[in-house]
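# My questions concern the predicted model and sequence given below.
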Amino acid sequence: MDQTQYEGAYFIGASFWLNMTAPGTQTCATGDSLTVTMSSSTNSAWAGTYTATACSVQVDYMSAFGGMGGKILSATLTNGNSKTITLSNAEFRVYQHYGKTGTAPTLASDTSVHVTVVIDSGSFELPGGRYFRLDSTVHTATSPGSSFGFSVPANDGSKGYITVFFQSLSNQVGTYHCGDVFSGGTTNIQLWLGNYGFEQAYVYKLNGNVAGSCTVNVTTAPTNNSSRGNYQATLVYLDPNATYQSLLTAAQRTITIHGEFRH
């Protein structure tokens, strides 16, 4: 956060209340509010809380879980000392699944984790450069090569659950790809965001058409229905109601991820 002083005061933070149910443009007069807080080590008249007396906000997209993006087209904010600041074309982006910063642990170094997910290139819900650790079993393989999945609960870098499913994965050491057929099913990887029944799914095949890809390397021969390896995938967000397909380009709905797994 930039804390360069201005007139003896420096920026602390901002709060933004949007009363919108769909993307579009509206003003503070229709229910939005915007405040900015400035502090100083002196008695600067520019310190204090600034409240918008006028603003115009454009929301380009929003998800069911609170992620959104857009810009403050214009805003005039005044503090208790009648000092005024203005904003124009200030872009904002809100993530609900923000993950952890730094380098993801290896499964060899963190034995409590079953899957790591590194966001190489993010989307409107997932910021690139972050990672997640998945350790909660949501679907356990009942036979070698069958599907399994692990998730991370909401208290580890996300508002709702994040789950990765590996489906119809071969039980032999080797390299496999989304679309390969094994054990009566088609190999693929899916990443789901959100709590049960309200998930957003990132998939490699969109409405029957191949839109992404994945590669899975099984590095350890499975024993007792378990296996170990690594993966990389390009996945596209699937909205069953097609709402965000029309609001966002395919590139904005696409993520690239990689990580390790064991089950």
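Arrived safely.

# residues in contact with stretch 53-61?
The contact list for stretch 53-61 (CB atoms under 8 Å, 6 or more residues apart in numbering) reads 18, 20, 23-29, 32, 34, 68-78, 87, 124, 244, 247-248, 252. For every residue, glycine as well, the C-beta is placed using N, CA and C.

# For it, list the C-alpha coordinates in PDB.
C-alpha atoms of stretch 53-61 as PDB (Å, rounded to 0.1, in the frame of the first residue of the first chain):
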ATOM      1  CA  THR A  53     -20.400  13.600  -1.300                       C
ATOM      2  CA  ALA A  54     -20.700  12.500  -4.900                       C
ATOM      3  CA  CYS A  55     -19.600   9.500  -6.800                       C
ATOM      4  CA  SER A  56     -20.200   7.500  -9.900                       C
ATOM      5  CA  VAL A  57     -19.200   3.800 -10.000                       C
ATOM      6  CA  GLN A  58     -19.100   1.300 -12.800                       C
ATOM      7  CA  VAL A  59     -19.100  -2.400 -12.100                       C
ATOM      8  CA  ASP A  60     -18.000  -4.600 -15.000                       C
ATOM      9  CA  TYR A  61     -18.600  -8.000 -13.400                       C
END
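
# what's the average pLDDT for that stretch?
If you average the pLDDT over stretch 53-61, you get 89.

# Any buried residues in that stretch, and which?
By 16 or more other CB atoms under 10 Å, the buried positions in stretch 53-61 come out as 55, 56, 57, 59, 60, 61.

# Give me the distance between the fourth one and residue 75.
In this structure, residue 59 and residue 75 are separated by 14 Å, where distance is defined by CB to CB, to the nearest Å.

# likewise the third one?
Using CB to CB, we find residue 57 at a distance of 8 Å from residue 75.

# picking that back up, out of the buried residues of stretch 53-61, flag the one nearest to residue 42.
residue 55 (28.8 Å; CB to CB).

# what are the bridge partners for the closest one, then?
residue 75 (DSSP bridges).

# gap between it and residue 13?
Residue 55 is 17 Å from residue 13, by CB to CB.

# Quick check, residue 164 in contact with residue 189.
Yes. Judged on CB atoms under 8 Å, residue 164 makes contact with residue 189 at a distance of 6.7 Å.

# Can you list the residue ranges for helices in the stretch 151-263 of the chain?
Assigned by DSSP state H, counting those that start in this stretch, the helices in the stretch 151-263 of the chain fall at 243-247.

# Now the nearest residue to residue 81 once chain neighbours are set aside. Its backbone dihedrals?
With sequence-adjacent residues excluded and distances taken as CB to CB, 6 or more residues apart in numbering, residue 81 is closest to residue 45, at 4.2 Å. Phi and psi for residue 45, reported as degrees, to the nearest 10, are phi -70, psi -10.

# and residue 45, how far is that from residue 262?
60 Å.

# what do you get for residue 122?
25 Å.

# So between these two, which is more surrounded?
residue 122 (20 against 17; other CB atoms under 10 Å).

# which stretches of the stretch 151-263 of the chain aren't confidently modelled?
Residue ranges of the stretch 151-263 of the chain with pLDDT under 70: 153-160, 183-184, 195-198, 207, 221-226, 239-247.

# Go through stretch 73-83 and flag the buried ones.
For stretch 73-83, by 16+ other CB under 10 Å, it's 74, 75, 76, 77, 78, 79, 83.

# List the residues that contact the first one.
Going back to what we said before, that points to residue 74. Residue 74 neighbours (CB under 8 Å, 6+ apart): 54, 55, 56, 86, 87, 88.

# now the fourth one
By CB under 8 Å, 6+ apart, the contact set of residue 77 is 34, 35, 36, 50, 51, 52, 53, 84, 85, 86, 87.

# can I see the domain layout of this protein?
Segmentation of the chain into domains, based on automatic domain parsing, reads 10-94, 115-262.

# Residue 109 is nearest to which of those?
The nearest among these, by CB to CB, is domain 115-262 at 10.6 Å.
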